[in-house]
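S.K.: one predicted model, sequence on top.
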Amino acid sequence: MPDISVVLPSILQPLAGGQPILTAPAEGPVTVGKLLDSVTGDYPVLARRLRDETGALRRYVNVYVGGEEVRRLQGLETEVADGQEVLIIQSVAGG
């Protein structure tokens, strides 16, 4: 069964047991929201770091599917295909 990979930046890896990549089975149409639910199920701290209490992506979290930032697509409703890679980038505030 094909999997979808979620690539985590090094700053988030400790929240996922040190793993750089989390995978989820690609069963039917998978949205970014469902994918995040699936891969963060065992990592509640990671889930809270990615999304706020309403379930929306946090401001400083950028998610890319096929090289496109999901906020420019359909947000958490963006569909992810079998074998596609989802990249999470956490913006770092500078100053």
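M.R.: Looks like it arrived, so ask away.

S.K.: just the strands from the chain, written as ranges.
M.R.: Using DSSP state E, the strands assigned to the chain run over residues 3-7, 21-25, 30-31, 61-65, 68-69, 79-80, 85-90.

S.K.: could the ones you listed go into TSV alongside mean pLDDT?
M.R.: Supplementary listing: the strands of the chain in TSV, determined by pLDDT from 0 to 100:
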stretch	mean pLDDT
strand 3-7	95
strand 21-25	94
strand 30-31	94
strand 61-65	97
strand 68-69	96
strand 79-80	96
strand 85-90	94
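
S.K.: save the ones you listed as a markdown table, and put in mean neighbour count too.
M.R.: From N, CA and C alone the C-beta is placed, and that goes for glycine too. Output for the strands of the chain, formatted as a markdown table (neighbours: other Cβ atoms under 10 Å):
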| stretch | mean neighbour count |
| --- | --- |
| strand 3-7 | 19 |
| strand 21-25 | 17 |
| strand 30-31 | 18 |
| strand 61-65 | 19 |
| strand 68-69 | 12 |
| strand 79-80 | 18 |
| strand 85-90 | 18 |
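
S.K.: ok, which of the ones you listed comes nearest residue 43?
M.R.: If you check each of the strands of the chain against residue 43 by Cβ to Cβ, strand 21-25 wins as the nearest, at 8.1 Å.

S.K.: run me through the strand neighbours of that closest one, direction for each.
M.R.: Pairing partners of strand 21-25, with direction, according to DSSP bridges: strand 3-7 (antiparallel).

S.K.: tell me what angle the partner strand forms with strand 61-65.
M.R.: 140 degrees (axes from the mean of the first three to the mean of the last three Cα atoms, to 10 degrees).

S.K.: redo the strands of the chain as TSV? Include distance to residue 47.
M.R.: What follows is the strands of the chain, written out as TSV (distance: least, Cβ to Cβ, whole Å):
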stretch	distance to residue 47
strand 3-7	12
strand 21-25	11
strand 30-31	16
strand 61-65	11
strand 68-69	20
strand 79-80	17
strand 85-90	12
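
S.K.: what's near enough to touch residue 32?
M.R.: Shown here is residue 32, whose contacts under the criterion Cβ atoms under 8 Å, 6 or more residues apart in numbering are 63, 65, 70, 75, 76, 77, 78, 80, 86.
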